[in-house]
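Engineer: okay, here's the prediction I keep looking at, along with the sequence it came from:
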Amino acid sequence: MSRDSESQHDPGGIEAGAEVGEAFRAVEGADFDAPLEPERADEAVAVDVTDVAPELADPAVVAEIVAPTREIETPVGEPLVELDKVTVKFGGLTALDNVTFTIRRGEILGLIGPNGAGKTTCFNAMTGVYRPTSGTVTFDNQVMAKLKRNQITRLGIARTFQNVRLFGEMTALENVVVGTDARHKTSVPGATFRTARHRHEERDAIDRGMALLEFVGIGARATEKARNLPYGDQRRLEIARALATEPKLLCLDEPAAGFNPAEKVALMDLIRKIRADGYTVLLIEHDMRLVMGVTDRIVVLEFGKKIADGLPSEIRDNPAVVAAYLGVPDDATA
Ligand SMILES: Nc1ncnc2c1ncn2[C@@H]1O[C@H](COP(=O)(O)OP(=O)(O)OP(=O)(O)O)[C@@H](O)[C@H]1O
């Protein structure tokens, strides 16, 4: 297997990356959302990225390429997402009940709660997947309507999924370059006839894709098929692909699922690095140590209602939160 996979890995794959556009066209229509069953590679074929792109040896250069349009003129702390009395009902079931909170630019907000608390519903209402039964969601000063997936991306929201979803047969670099396509400006004829502008956009996408892989710590695996990456690297690749769309809001849905303690610590470092690069992050995660360790603020849901909103230290000692997680009545903890 290693011999076969080795022959598929083109050591010059980064330079040969101009063909990524072809690869993307070849997979158009593929089932992007199909969960990828992770396979652990017996042998990794690593490339030294800095051999072909020496500038990527400098983390400051990488950080700059990864966030080319960050809004440095916008003061951190301005609201990016505002939920105002949002209720979502499914028939007779109230999944989200009169929920109000804000995500500010430049912060890492944790959204937590026991199973069935309404986190996913809240997330879907926030990103335009569900239209609230009542109340409003404002994103970047616009009231959100119900949106299609590509409209959500263009608005500036990117997400990762609970289950890894990648193009398994594409390389790591190709997976990221596909993400950058959402921002391309070339017309369909321009892409078909490979105009100079289109070629320029492709080249930029490849350069940025490499920087993104380096940023999330898997630059050396650029030419490996996504399917062959170790599980932790697949999760990092998902984050790189989400960042490729240059989102105003990055939503991480249980990014630590299946991670060991060391991988969780490394993930916390990566999330902090993403925030330091000017991104706003929404984190839905069950692992309390990770949530407490990395977020600036936490919103807690229980049975569709917001029961707490505050700093991690406040949430940790909040009796209603403790009761929600331990499953004991509020009055028993008083
Ligand atoms: N599309 C739907 N149709 C009907 N009921 C739904 C739908 N989506 C969610 N629900 C219900 O709404 C409630 C909240 O579910 P939700 O998935 O938002 O919770 P959650 O906090 O994300 O849970 P988990 O941590 O288990 O993922 C649950 O009772 C769930 O069964």
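Structural biologist: Nice, thanks for sending it over.

Engineer: correct me, but D207 touches I65?
Structural biologist: Yes - the pair D207 / I65 is scored as a contact, 7.0 Å apart, by CB atoms under 8 Å. Bear in mind the C-beta positions are built from the backbone N, C-alpha and C, glycine included.

Engineer: could you count how many residues lie near E263?
Structural biologist: 16 (other CB atoms under 10 Å).

Engineer: so it is in which element?
Structural biologist: For E263, the host element (DSSP states H and E) is helix 261-276.

Engineer: go on, R235?
Structural biologist: Per DSSP H and E: helix 231-244 holds R235.

Engineer: what's the angle from that helix to helix 261-276?
Structural biologist: 10 degrees (axes from the mean of the first three to the mean of the last three CA atoms, to 10 degrees).

Engineer: next, the residue nearest to L173 when sequence neighbours are not counted: phi, psi?
Structural biologist: Leaving aside its chain neighbours, L173 sits nearest to A222 (4.3 Å; criterion: CB to CB, 6 or more residues apart in numbering). A222 has phi and psi values of phi -50, psi -40 when expressed as degrees, to the nearest 10.

Engineer: touching, A222 and D207? I think so.
Structural biologist: No - in this structure A222 lies outside contact range of D207 using CB under 8 Å: 11.8 Å.

Engineer: so which bits of the stretch 201-334 of the chain are right by the ligand?
Structural biologist: Nowhere does the stretch 201-334 of the chain come near the ligand, counting by CB under 6 Å from any ligand atom.

Engineer: strands along the stretch 201-334 of the chain, start to end?
Structural biologist: Along the stretch 201-334 of the chain, the stretches classed as strands by DSSP state E, counting those that start in this stretch are 249-253, 280-284, 297-302, 305-310.

Engineer: can you tell me the residue of the stretch 151-300 of the chain closest to the ligand?
Structural biologist: H286 (6.9 Å; CB to the nearest ligand atom).

Engineer: need the contact list for that residue.
Structural biologist: Shown in contact with H286 (CB atoms under 8 Å, 6 or more residues apart in numbering): I112, E254, A257.

Engineer: so what's the second one up against?
Structural biologist: Residues in contact with E254, defined by CB under 8 Å, 6+ apart, are Q162, I284, E285, H286.

Engineer: report the buried members of those.
Structural biologist: Buried residues within the contacts of E254, counting neighbours by 16 or more other CB atoms under 10 Å: I284, E285.

Engineer: export the contacts of E254 to a markdown table and tack on pLDDT?
Structural biologist: A markdown table is the format used below for these (pLDDT from 0 to 100):
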| residue | pLDDT |
| --- | --- |
| Q162 | 71 |
| I284 | 94 |
| E285 | 88 |
| H286 | 84 |
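
Engineer: distance to S134 added to the strands of the stretch 201-334 of the chain, as CSV?
Structural biologist: Below are the strands of the stretch 201-334 of the chain laid out as CSV (distance: least, CB to CB, whole Å):
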stretch, distance to S134
strand 249-253, 23
strand 280-284, 22
strand 297-302, 17
strand 305-310, 14
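
Engineer: need the pLDDT of R25.
Structural biologist: pLDDT for R25: 38.

Engineer: pop out the phi and psi values for T136.
Structural biologist: The phi/psi pair for T136 (degrees, to the nearest 10) is phi -130, psi 150.

Engineer: per-residue pLDDT, the closest residue to L311 other than its chain neighbours?
Structural biologist: Excluding the flanking residues, the one nearest L311 by CB to CB, 6+ apart is R297, at 6.2 Å. We note a pLDDT of 95 for R297 in this prediction.

Engineer: ok, R297 - contacts?
Structural biologist: E107, I108, L109, G110, D309, G310, L311, P312.

Engineer: closest to V291 among those?
Structural biologist: G110 (4.4 Å; CB to CB).

Engineer: can you count the residues close to the closest one?
Structural biologist: 23.

Engineer: what of the one 5 residues further on?
Structural biologist: Using other CB under 10 Å, N115 has 6 neighbouring residues.

Engineer: show me the shaky parts of the stretch 201-334 of the chain.
Structural biologist: 201-202, 326-334 (pLDDT under 70).

Engineer: tell me how many other residues crowd R289.
Structural biologist: Counted by other CB under 10 Å, the residues lying close to R289 total 13.

Engineer: cool, N98 as well?
Structural biologist: The local packing of N98 (other CB under 10 Å) involves 15 other residues.

Engineer: isn't it up against L301?
Structural biologist: No - at 11.5 Å, N98 and L301 do not qualify as touching, with contact defined as CB under 8 Å.
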